[in-house]
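Engineer: Pasting the sequence and the predicted model now:
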Amino acid sequence: MRVAILGSGRGSNAAAILEAQAAGRLGRAHVVQILSDKPDAGILALDARFGVPAAFVDPAPFKTKLEGEGEARFIAAVLAAQADLVVLAGFMRVLKPGFLNAFAGKIINLHPSLLPSFPGLDGIGQAFRRGVKITGCTVHGVTAEVDGGPILDQTAVRVEPTDTLESLAEKIHAAEHALLPAVIARLSERG
């Protein structure tokens with residue numbers, strides 16, 4: 001299974017996937033491309049560390065969604081990589097029908113809450129401010145509904161009375177780094 005990772009940030013989840021791959025824990029999956037909508041994103045530096053091609057793709061003309069010319073460029077890049085699975089790992093754009101239809105049933109996303117609770121931006125902060133005792137992370141299939149696709153797996157994280165927003169975020173990120181590679185490995189074994 002050929003995997004393309006899309007991300008907008010520092011790339012810690014992409015690094016976790018690539019570390020799992022290097023350790024032989026990614027099943028039959030193999031990351032073939034990293035793409036980012038930010039020219040200075042940390043995720044792009046992973047190419048040197050792991051030997052996987054990484055590239056900036058111009059997302060213009062929109063700032064928060066992938067549509068129009070930017071969408072066409074991302075579709076072309078994923079097609080060129082011949083990816084069987086598109087993994088959104090901190091990709092901070094709303095996908096529109098063109099991209100969703102081009103890769104229907106082949107896009108997964110990692111979200112930092114136990115969906116369907118706390119969808120959208122700042123899932124960790126939403127849960128923390130709400131005062132929940134258990135939160136976590138979710139890997140789900142991507143559909144037109146933001147964070148509304150079928151849930152593939154989840155990991156629960158207990159919120160301790162001593163947790164701060166920062167300590168909770170660290171615990172959830174650690175859970176994400178285990179969950180996302182495990183889901184990719186399982187999907188790769190389905191054939």
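Structural biologist: Nice, thanks for sending it over. Numbering: from 1, shown residues only.
Engineer: Tell me which residue lies nearest the centroid of this structure.
Structural biologist: Nearest to the mean C-alpha position of the chain, counting by Cα atoms, centre = their mean, stands Ala89 at 2.0 Å.
Engineer: OK, contacts around the nearest residue to that residue once chain neighbours are set aside?
Structural biologist: Of all residues not flanking Ala89 in the chain, Asn13 sits nearest, at 3.9 Å (Cβ to Cβ, 6 or more residues apart in numbering). In short, each C-beta sits where N, CA and C put it, glycine included. By Cβ atoms under 8 Å, 6 or more residues apart in numbering, the contact list for Asn13 reads Gly7, Ala89, Gly90, Leu110, His173, Glu176, His177, Leu180.
Engineer: try it again with 6 Å
Structural biologist: Ala89, Gly90, Leu110, Glu176, Leu180 (Cβ atoms under 6 Å, 6 or more residues apart in numbering).
Engineer: do the same with Ala16
Structural biologist: Ala16 neighbours (Cβ under 6 Å, 6+ apart): His177, Pro181.
Engineer: before we move on, which element is it in?
Structural biologist: helix 12-22 (DSSP states H and E).
Engineer: Mind giving me the packing neighbours of the next helix or strand after that helix?
Structural biologist: Going down the chain from helix 12-22, the next helix or strand is strand 30-36, by DSSP H and E. When contacts are defined as 3 or more Cβ pairs under 6 Å, 6 or more residues apart in numbering; DSSP states H and E, strand 30-36 sits against strand 2-7, strand 54-56.
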